[in-house]
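Curious how this folds, go ahead:
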Amino acid sequence: MHAADLSMSETDYLVRLPQGDLPTVGCIGAGFIMADCHLVAYKQAGLTPLAICSRNQTRANEVAARHQIPIVHENYEQLLSDERLEVIDIAVPPDIQLEVIAAAVRHPHIKGILAQKPLGMNYREACQIVDLCENAGVTLAVNQNMRFDHSVRAAKSLLNRGVFGDPVLATIDMRAIPHWMPWQQRLGWLTLRIMSIHHLDTFRYWFGTPQRIYASVRPDPRTAKQFEHEDGICLYILEYENGLRATSWDDVWAGPNNELIQAAMQEAIGINWRIEGTEGLARGTIGWPKYPERTPSTIDYLTASNPHEWQRPRWQEVWFPDAFVGPMAELLHSLITGEPCPLNGRENLQTMALVEAAYQSAKEHRAVEISEILE
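Model (predicted):
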């Protein structure tokens with residue numbers, strides 16, 4: 001067996017749908033995340049939702065035809081009333097999500113909800129959503145899909161095995177220009193709640209919740225021409241009680257990427273991450289910035305037990321869209337088995353608190369304890 005094959009077998013990088021009869025799924029929303037990520041990943045995995053709806057009926061019909069979804073409802077109220085549906089996959093803007101979930105939990109045939117991140121407009125609203133679902137006995141999962149990027153999951157499996165010893169330093173270096181959503185202009189948000197939330201949740205997935213955060217932000221010059229915002233380019237440091245430090249540079253400006261130098265700038269675009277421990281290290285790339293080109297993320301790692309040979313597992317799957325089956329698979333598994341859903345709403349409140357602390361830190365120019373938000 002080659003070293004690359006051995007390292008692949010040691011890294012748990014895939015999540016698959018449960019086998020057998022699955023709960024029926026209805027989809028609310030027909031935008032990019034639903035049409036080009038959720039539904040593409042579900043189809044690849046063998047899952048076809050029963051129904052869909054959108055504020056734009058024409059769009060809903062188009063997406064239903066594209067993905068062979070048999071039923072198109074006129075609105076989300078009608079979809080939620082469909083007693084054949086047991087799971088609701090919600091992909092709406094964050095300022096609408098509470099309204100939709102509050103309506104969903106009033107229907108006893110609905111057993112599970114997959115909600116988008118950010119879970120609410122703020123930490124308090126996210127708490128309200130979690131309480132609504134728990135009081136109704138509805139299992140709530142949150143679509144923190146970067147946890148299912150294959151290099152992120154591979155790193156987690158190695159951390160779980162302790163191959164790096166005690167983690168010392170972890171970094172994410174993002175130089176990439178996201179596709180911003182139209183509703184962000186309405187809300188006045190840019191990076192912290194939309195992109196940084198992925199990195200903050202990934203650090204939590206790898207290492208748990210930190211004790212405090214220090215964040216510094218400034219507007220992104222390119223997007224500032226379109227609408228006013230504060231959280232454009234975001235830099236932050238996470239401090240853990242055990243001494244671990246984690247930091248990310250979320251640079252959504254990434255340089256003057258205009259039409260004159262756009263082609264040449266592409267080689268400077270990307271996301272790199274690194275984990276250093278007392279007994280080894282890992283470094284990786286996230287392939288997402290090259291979407292729609294299929295570019296798998298990567299991981300290379302070196303350990304004290306095998307100090308002369310880098311392990312370089314590789315795979316064909318990509319974050320966008322393949323990894324989007326992960327949150328739904330975890331939700332369905334939980335509903336079938338009764339086991340807790342790892343990406344449940346209450347667990348995600350820790351990520352929402354971390355985002356909230358980042359905003360407060362940037363505003364007050366000080367380190368903010370996560371306990372200040374959780375109080």
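
Check whether Met34 really touches Val40, as I assumed.
No: judged on C-beta atoms under 8 Å, Met34 makes no contact with Val40 at a distance of 9.7 Å. To be clear about C-beta, it is placed using only N, CA and C from the backbone, and glycine gets the same treatment.

out of the two, which sits in the busier spot?
Met34 (26 against 18; other C-beta atoms under 10 Å).

how much space between the more buried one and Asn143?
Between Met34 and Asn143 the computed distance is 10 Å (C-beta to C-beta, to the nearest Å).

I figured Val138 hits Lys111, correct?
Yes: using C-beta under 8 Å, Val138 is in contact with Lys111, at 6.5 Å.

could you give me the average pLDDT of stretch 228-238?
Averaging pLDDT along stretch 228-238 yields 97.

chain center to that stretch, what's the gap?
Centroid displacement of stretch 228-238 relative to its chain, using C-alpha atoms, centre = their mean, to the nearest Å, is 18 Å.

So which elements touch the lengthiest helix in the chain?
In terms of residue count, the longest helix belonging to the chain (DSSP state H) is helix 345-364. Applying 3 or more C-beta pairs under 8 Å, 6 or more residues apart in numbering; DSSP states H and E, one finds that helix 345-364 makes contact with helix 123-136, strand 139-142, helix 197-207, strand 212-218, strand 233-239, strand 368-369, helix 370-374.

Does Phe203 touch Leu169 like I think?
No: counting by C-beta under 8 Å, Phe203 stays clear of Leu169, with 11.6 Å between them.

More neighbours: which of these two?
Phe203 (26 against 14).

which residues does that one contact?
170, 172, 210, 238, 246, 248 (C-beta atoms under 8 Å, 6 or more residues apart in numbering).

Repeat the analysis, applying 7 Å as the threshold.
By C-beta atoms under 7 Å, 6 or more residues apart in numbering, the contact set of Phe203 is 170, 238, 246.

now swap in Arg16 and tell me
So Arg16 contacts 45, 329 (C-beta under 7 Å, 6+ apart).

Try it again at 6 Å.
Contact analysis of Arg16 by C-beta atoms under 6 Å, 6 or more residues apart in numbering lists nothing.

same thing with Phe148?
Contacts of Phe148 by C-beta under 6 Å, 6+ apart are 15, 323, 326.

Can you tell me which of those residues are buried?
Neighbour-count burial (16 or more other C-beta atoms under 10 Å) is assigned, among the contacts of Phe148, to 15, 323, 326.

Surely the last one touches Tyr13?
When you say that, I think you mean Gly326. No: taking contacts as C-beta atoms under 6 Å, Gly326 lies outside contact range of Tyr13: 10.6 Å.

Surely Pro178 is within a helix?
No: the assignment for Pro178 by DSSP: H, G, I helix; E, B strand; the rest coil gives coil, which leaves it out of any helix.

tally of neighbours for it?
17.

how close does it sit to Glu239?
From Pro178 to Glu239 the distance is 27 Å (C-beta to C-beta).

rewinding a little: how far does the longest helix of the chain sit from its chain's centre?
Distance, centroid of helix 345-364 to centroid of chain: 15 Å (C-alpha atoms, centre = their mean).

So for it, what gets flagged as buried?
Applying 16+ other C-beta under 10 Å to helix 345-364 flags 345-359, 361-362 as buried.

Would you confirm that Arg274 contacts Ile172?
No: assessed by C-beta under 6 Å, Arg274 is found out of contact with Ile172, at 8.2 Å.

ok, the two, which is more surrounded?
Counted by other C-beta under 10 Å, Arg274 and Ile172 do not tie: Ile172 has more neighbours, with 21 against 14.
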